[in-house]
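*Asks:* next come a sequence and a model predicted from it.
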Amino acid sequence: MITTVKYVNVAMRVDNDGEGGILALMSLLGVKLRPRPAIVAVGLMGAALIYGDGAITPAISVLSALEGLNIVAPNFKPYVLPASVAILIALFAIQPKGTAKIGKAFGPVMALWFLTIGILGVWGIAQHPSVLLAINPMVGLGYLFSNGLSGFLVLGGVFLCVTGAEALYADMGHFGAKPIRLAWSGLVFPSLLLNYAGQAALVLEGAPTADNIFYRLCPQALLVPLVILATVATIIASQSIITGAFSMTRQAIQLGWLPRLQITQTSAEGYGQIYVGAVNWLLMFATVGLTLGFGKSDNLASAYGIAVSATMLATSALLFIAMREIWHWSLLKAGAVAGIFMVIDAAFFTANLSKFVEGGYVPIALAAFVYGIMLIWHRGAKAVSEHLKEAVVPIGTFMAQIEKKGISRIAGAAVFLTRTEQDTPPVMVWHVRQNHALHQQLFILKVGTQSIPWVKNNERLTIQEIAPNVWRATARYGFMERPDIPKLLKSAHAHGCNLDLKGITYYVGHETIIPSNDEKALPGWIEAVFAFMQRNSLHVSDYFRLPPDAVVEIGRQIAI
């Protein structure tokens with residue numbers, strides 16, 4: 001119901017120009033259709049919760065894989081933890097090199113992995129074939145409703161089977177819905193069903209459950225190759241979580257909810273192959289810390305699931321809105337379908353709440369931290385924008401003053417980046433005030449991020465000549481794109497703008513945030529945190545890919 005029905009067959013039919021995941025869904029419903037702060041808040045919290053569980057996934061995956069060596073050689077037990085930490089550090093350390101090589105191995109290794117676990121499951125089922133009766137959902141429901149609280153709390157363990165479903169939806173933009181549906185239905189889902197049934201069969205036959213029951217399915221002679229395959233598979237699975245965190249960070253930056261960070265494209269073959277250094281190292285510290293702190297995969301399982309189950313519940317709520325507003329389903333039909341999903345998600349979430357004291361607080365705390373950072377950045381950026389609007393000068397008035405004061409006009413073109421929709425950019429006013437000169441050609445550019453992943457080239461740029469040799473332009477980019485202003489300007493001539501592209505000078509403002517004494521000022525601690533993030537964010541000239549030897553930066557203090 002969770003993965004096959006909700007995500008693969010329903011959620012993947014709701015996309016934001018091909019992109020999936022809770023942030024894309026939030027952008028579609030809470031920004032693109034019409035601004036709705038409540039939906040934005042739900043989407044951002046869901047994204048923050050994914051970060052929280054994302055730090056646990058590599059730790060629990062690698063630990064559980066290496067713990068299979070305890071069965072082969074019990075003497076290896078003291079080395080499982082340090083070996084896991086070493087593998088995790090190596091995994092994060094190779095991220096700057098790009099994921100192309102790991103990506104090329106992804107398909108064959110994972111195909112071998114799922115075929116292997118499927119075959120092992122068949123062997124386990126042969127030991128106790130009656131386990132196949134569990135395919136009947138009434139058996140599971142019967143257990144759930146006849147064992148009181150203990151039967152309900154078992155859902156917290158069951159949920160570990162579906163924790164990747166939200167990431168599956170978020171990866172839709174990389175692979176497309178059709179390949180995901182084909183891989184899930186044709187290989188992954190059958191293999192998982194067979195393997196889980198095989199493990200259950202061994203338990204019914206009396207196999208000891210003190211260690212990882214998965215490895216009991218494997219003949220002793222093949223245990224070491226299986227541990228190696230499992231370790232490689234978990235590294236690839238962990239890689240997908242890390243890459244997903246990078247992609248989600250880029251979306252949040254483009255939507256204005258995180259400060260600008262350095263994003264490196266690691267391959268020309270795939271847009272999704274990026275590297276975000278700050279996120280990579282923060283995730284590494286969190287993952288290694290959790291590995292050392294919890295020590296065993298069983299202990300980590302207590303912390304795992306609570307965050308992503310909350311995200312799934314949020315996704316179900318957003319899907320209900322999508323059913324009503326995009327598919328135009330009746331209230332009864334949408335309520336029935338989304339209601340089934342929400343009942344299941346709520347049951348899993350409630351069962352996972354029992355893990356809170358045992359470690360579930362960790363991903364919740366991480367999510368709260370990320371969510372707080374998002375809110376502070378957005379609130380601070382909005383305050384800066386409102387401050388800049390207070391000091392604007394109409395462009396007609398400004399140009400008249402230029403003529404009246406006899407300001408020198410020098411040859412060449414100047415591009416002024418601005419946040420304002422109209423009037424004169426503050427950076428232009430300050431430039432004239434300080435230098436008493438202005439270029440012959442003036443190009444005022446506002447760059448905006450749309451609530452869609454990609455913008456068509458013919459809709460990218462609009463230009464209006466507001467005075468002789470003075471143009472005001474708006475550039476539009478999707479939240480999955482990174483602006484490239486020099487490349488953009490090459491298309492200006494196609495819009496009737498005769499901008500001289502040789503020797504362009506770019507003017508950008510550099511804000512220094514200071515506290516304000518105004519009654520409407522932000523609380524001091526919010527201003528201080530925002531100022532810190534603003535100082536350490538990616539420089540605007542780097543973000544817009546401006547040539548460093550052609551940029552003039554004008555600083556000013558802004559009190560918020």
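*Replies:* It's in. Residues are numbered from 1 along each chain as shown.
*Asks:* all the helices of the stretch 251-400 of the chain, in order from the start?
*Replies:* Along the stretch 251-400 of the chain, the stretches classed as helices by DSSP state H, counting those that start in this stretch are 277-294, 297-303, 306-325, 331-353, 361-389, 395-405.
*Asks:* show me what the shortest one is in contact with.
*Replies:* When contacts are taken as CB atoms under 8 Å, 6 or more residues apart in numbering, the neighbours of helix 297-303 outside the stretch itself are 56, 59-60, 63-64, 67, 157, 160, 212, 290-291, 294, 355, 358-363. From N, CA and C alone the C-beta is placed, and that goes for glycine too.
*Asks:* try 10 Å
*Replies:* 52-53, 55-57, 59-67, 80, 84, 156-157, 159-160, 210-212, 290-291, 293-294, 304, 352, 354-364 (CB atoms under 10 Å, 6 or more residues apart in numbering).
*Asks:* now it: mean pLDDT?
*Replies:* On average, the pLDDT along helix 297-303 is 79.
*Asks:* buried ones in it, by neighbour count?
*Replies:* 297, 299-303 (16 or more other CB atoms under 10 Å).
*Asks:* including distance to residue 114, could these go into CSV?
*Replies:* Formatted as CSV, the buried residues of helix 297-303 follow (distance: CB to CB, whole Å):
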residue, distance to residue 114
297, 20
299, 27
300, 23
301, 22
302, 27
303, 26
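*Asks:* longest strand of this structure?
*Replies:* strand 437-449 (DSSP state E).
*Asks:* strands paired with whichever helix or strand comes after that one, and their directions?
*Replies:* Per DSSP states H and E, strand 437-449 leads on to strand 461-467 as the next helix or strand towards the C-terminus. Here strand 461-467 is paired, per DSSP bridges, with strand 470-477 (antiparallel).
*Asks:* in the strand it pairs with, what's buried?
*Replies:* Of the residues in strand 470-477, those buried (16+ other CB under 10 Å) are 470-473, 475-477.
*Asks:* could you dump the residues you listed to a markdown table with pLDDT and distance to residue 331?
*Replies:* Formatted as a markdown table, the buried residues of strand 470-477 follow (pLDDT from 0 to 100; distance: CB to CB, whole Å):
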| residue | pLDDT | distance to residue 331 |
| --- | --- | --- |
| 470 | 86 | 53 |
| 471 | 88 | 49 |
| 472 | 89 | 45 |
| 473 | 89 | 44 |
| 475 | 91 | 41 |
| 476 | 89 | 35 |
| 477 | 87 | 37 |
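*Asks:* ok, which stretches of this structure are strands?
*Replies:* 263-265, 274-276, 408-418, 437-449, 461-467, 470-477, 505-514, 551-559.
*Asks:* how about these, which one is nearest residue 109?
*Replies:* strand 274-276 (21.6 Å; CB to CB).
*Asks:* run the chain-centre distance for the closest one.
*Replies:* Centroid separation for strand 274-276 versus its chain: 12 Å, with CA atoms, centre = their mean, to the nearest Å.
*Asks:* hang on, the earlier thing: which one of the helices of the stretch 251-400 of the chain is the most hemmed in?
*Replies:* With neighbours taken as mean count of other CB atoms under 10 Å, the helices of the stretch 251-400 of the chain reach their highest mean count in helix 306-325, at a mean of 24.
*Asks:* helix 361-389 and that helix, what's the angle between them?
*Replies:* 50 degrees (axes from the mean of the first three to the mean of the last three CA atoms, to 10 degrees).
*Asks:* now helix 306-325: mean pLDDT?
*Replies:* The model assigns helix 306-325 a mean pLDDT of 89.
*Asks:* for that helix, packing partners?
*Replies:* Taking 3 or more CB pairs under 10 Å, 6 or more residues apart in numbering; DSSP states H and E as contact, the helices and strands that helix 306-325 lies on are helix 22-27, helix 37-66, helix 155-158, helix 165-170, helix 331-353, helix 361-389.
*Asks:* test my guess that residue 187 contacts residue 118.
*Replies:* Yes: the criterion here is CB atoms under 10 Å, and residue 187 meets it with residue 118 at 8.2 Å.
*Asks:* still on that earlier bit, emit the ChimeraX select command for whichever of the contacts of helix 297-303 are buried.
*Replies:* Those of the contacts of helix 297-303 that count as buried under 16+ other CB under 10 Å are selected in ChimeraX with:
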select :52,53,55,56,57,59,60,61,62,63,64,65,66,67,80,84,156,159,212,290,291,294,304,352,354,355,359,360,362,363,364
